[in-house]
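Peer 1: Just need the structure, nothing else, for what follows:
(one chain, ligands or ions: 2)
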Amino acid sequence: MQNDNSVAVWDIFVRIFHWSLVAAFAVAYATSEEENSWHIYAGYTVLGLISLRLVWGFVGGRYARFGEFVRSPAAVFRYVSQLRQGTAPRYLGHNPLGGWMVLALLATLFVVTISGLKVYAIEEGRGPLAQGTEMITVIGAAHAEDREGNRAEADGDAEEFWEEIHEGATNFMLLLIAAHVLGVVVSSKLHHEKLVKAMITGRKAKDLNCDK
Ligand code: HEM
Ligand code: HEM
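Peer 2: Residues are numbered from 1 along each chain as shown. Ligands and ions are numbered 1, 2, ... in the order given. I've put the predicted structure just below:
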């Protein structure tokens, strides 16, 4: 597997992170309508993974660092026009468009998981955000004649609000994933390389033209 013609790109953390994330997201999505705790555990796993990835983006290996792959909007536009002309260069790490896709995937996953925690807190009074819901109900009850009635109503409104965010962000995530996988396929074809295999072995060929 390892030969002189290849170079280590994705470190062990990034690879384990990636495939664990794919699995945890799939489980969370598949169990979202079920009554058991799988959805909650899988959701916590996603939150844990993306939190670790955030730290790794500052202290991890060269190609895992945000500073290495988050490029200026001008660089992204240049890359897009090169893509259109069929002259896009090959990057060993993430290309400029892929770099922003990584950020979009991570940011959207934060919205999905934090809103999930809010729904869990309001609906079941459980999870790390459970105490915070008291504040919402107190504010909601401020203009109440019937405190109890309004408290329930405020809880209902807040629950509906966070459920909308939770589901909306999940649907947006599905769009991003489709674009992400399309990007991987297009990029693999364009530069005649096996990007999925690289996310498993961590290695990429170093003798192709236009390495960046
Ligand atoms: C089975 C479908 C998938 C395949 C084949 C795939 C493949 C890949 C590949 C090849 C890369 C490296 C891209 C590059 O070379 O620049 C990558 C990166 C990434 N993918 Fe996927 N992916 C899949 C699904 C997902 C899903 C479902 C998520 C999110 C839930 C995801 C999140 C990410 C993230 C965050 C990165 C950046 C990795 C890092 O730098 O830490 N992927 N993916
Ligand atoms: C990537 C992770 C996650 C995904 C993809 C996801 C997706 C979804 C989806 C699509 C639903 C809507 C099901 C429906 O109403 O038909 C849902 C519901 C729910 N999620 Fe998540 N979720 C994730 C993480 C979390 C987390 C971390 C928590 C809290 C710990 C959570 C708590 C809940 C709760 C309590 C519901 C039920 C809402 C209701 O009663 O309709 N989710 N989730």
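Peer 1: Residues of this protein that sit close to ligand 2?
Peer 2: Those residues of the chain that sit near ligand 2, judged by C-beta under 6 Å from any ligand atom, are 25, 28-29, 32-33, 39-40, 43-44, 46-47, 109, 112-113, 116-117, 119-120, 123, 127, 163, 166-167, 170. Quick note: C-beta positions are derived from backbone N, CA and C, even for glycine.
Peer 1: did I read that right, R126 in a helix?
Peer 2: No: counting by DSSP: H, G, I helix; E, B strand; the rest coil, R126 is not part of a helix but coil.
Peer 1: roughly how far apart are it and L109?
Peer 2: R126 sits 21 Å away from L109, going by C-beta to C-beta, to the nearest Å.
Peer 1: Buried residues, the helix or strand M199 falls within. List them.
Peer 2: According to DSSP states H and E, M199 maps onto helix 195-201. Under the neighbour-count criterion of 16 or more other C-beta atoms under 10 Å, helix 195-201 has 195, 198-199 buried.
Peer 1: Restricting to C-alpha, output that helix in CSV.
Peer 2: What follows is helix 195-201, C-alpha atoms only, in CSV (Å, rounded to 0.1, in the frame of the first residue of the first chain):
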residue,chain,number,x,y,z
LEU,A,195,-10.1,10.2,-3.4
VAL,A,196,-12.3,7.8,-1.5
LYS,A,197,-9.4,5.3,-1.2
ALA,A,198,-7.2,8.2,-0.1
MET,A,199,-9.7,8.9,2.8
ILE,A,200,-9.1,5.3,3.9
THR,A,201,-5.4,4.9,3.4
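Peer 1: On the C-terminal side of the lowest-mean-pLDDT helix or strand in the chain, identify the next helix or strand.
Peer 2: Sorting the helices and strands of the chain by mean pLDDT, DSSP states H and E puts helix 133-140 at the bottom, at a mean of 52. On the C-terminal side of helix 133-140, the nearest following helix or strand under DSSP H and E is helix 147-190.
Peer 1: For that next one, name the packing helices and strands.
Peer 2: Packed against helix 147-190 by the contact rule (3 or more C-beta pairs under 8 Å, 6 or more residues apart in numbering; DSSP states H and E) you find helix 96-124, helix 133-140, helix 195-201.
Peer 1: where are the low-confidence patches of this structure?
Peer 2: 1-4, 132-147, 207-212 (pLDDT under 70).
Peer 1: how about the residues of it that lie near ligand 1?
Peer 2: For the chain, the residues in contact with ligand 1 (C-beta under 6 Å from any ligand atom) are 14, 17-18, 21-22, 25, 53, 64, 94, 98, 102, 105-106, 177, 180-181, 184, 195-196, 199.
Peer 1: that older thread, what helices or strands is the helix holding M199 leaning on?
Peer 2: Other helices and strands packing on helix 195-201, by 3+ C-beta pairs under 8 Å, 6+ apart, are helix 12-30, helix 147-190.
Peer 1: Out of those helices, the one nearest R203 is which?
Peer 2: Nearest of the helices and strands packed on helix 195-201 to R203, taken as C-beta to C-beta: helix 12-30 at 10.5 Å.
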